[in-house]
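Asks: starting from these lines, generate the structure:
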Amino acid sequence: MRQEFVMRGQTASGGTETLNFSGYKPGYAYRLVEFQVYPSELANASGEYAATLTAGKTAVAPITGINFNNEGLIGTTYLTVATSPAAGIFGPVTVINDTFLITQNLILMVQEANSSALCNWQCRFVAEKMDDGENAVANYKQFMIYD
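Replies: Prediction:
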């Protein structure tokens with residue numbers, strides 16, 4: 001069993017993706033350890049790019065909906081690329097709940113504050129072997145957040 005893996009993709013601003021964990025090995029959970037967002041065109045980029053990752057039933061809007069009291073919110077990241085090369089890049093600023101054991105699908109949402117630009121994203125996960133009790137608790141917790 002591979003201990004670390006990456007999921008990545010490109011999504012239009014305001015769009016969502018389902019990160020599918022249903023086909024992974026039973027007895028394992030996964031922890032999010034890295035979460036990044038990038039513009040799709042670095043040479044011509046400018047804007048505010050943000051993304052969220054949730055274990056909840058619905059996506060969390062990364063520009064207006066972030067609330068750290070939401071148990072299902074396990075990651076958020078933000079990057080600003082200025083229109084002037086002299087102003088440079090701000091970020092990324094990322095907050096990850098790396099104690100959350102992922103056993104079910106996640107919902108990712110990306111937004112660019114001022115357009116429908118394409119956003120590139122990348123998530124890195126590590127596998128955690130669990131015994132039967134840990135597996136039951138992790139599955140129950142994620143089910144309660146989702147339901």
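
Asks: residues of stretch 52-61 that come out buried?
Replies: Going by neighbour count (16 or more other Cβ atoms under 10 Å), the buried part of stretch 52-61 is 52, 53, 54, 55, 56, 59, 60. Any C-beta I mention is one placed from the backbone N, CA and C, and that applies to glycine too.

Asks: just the terminal-to-terminal distance for that stretch.
Replies: End-to-end distance for stretch 52-61: 7 Å, by Cα to Cα, to the nearest Å.

Asks: could you do stretch 125-141 as well?
Replies: Across stretch 125-141, first to last residue, Cα to Cα, it's 19 Å.

Asks: residue 123 - nearest residue in space that isn't next to it in sequence?
Replies: Leaving out its chain neighbours, the residue that sits closest to residue 123 by Cβ to Cβ, 6 or more residues apart in numbering is residue 7, at 4.9 Å.

Asks: how about residue 133, phi and psi?
Replies: Dihedral pair for residue 133: phi -70, psi -50, per degrees, to the nearest 10.

Asks: how much space between the residue nearest the centre of the chain and residue 46?
Replies: Centroid-nearest residue in the chain, with Cα atoms, centre = their mean: residue 53, separated by 3.3 Å. In this view, residue 53 and residue 46 are 24 Å apart by Cβ to Cβ, to the nearest Å.

Asks: related to what we said a few turns ago, which of the helices or strands spans the residue nearest to the centre of the chain?
Replies: strand 47-54 (DSSP states H and E).

Asks: which neighbours does that strand have in its sheet, and in what orientation?
Replies: strand 73-81 (antiparallel), strand 106-112 (antiparallel) (DSSP bridges).

Asks: could you point out which element follows the last one?
Replies: In other words, strand 106-112. strand 118-129.

Asks: got the contact list for that following strand?
Replies: The contact list for strand 118-129, computed with Cβ atoms under 8 Å, 6 or more residues apart in numbering, reads 1-13, 17, 19, 25, 27-40, 49, 51, 53, 75, 101-102, 108, 110-112.

Asks: pLDDT wise, what is the spatially closest residue to residue 5 that is not a sequence neighbour at?
Replies: In space, residue 5 comes closest to residue 125 once its chain neighbours are excluded; the distance is 5.8 Å by Cβ to Cβ, 6+ apart. At residue 125, the model reports a pLDDT of 95.
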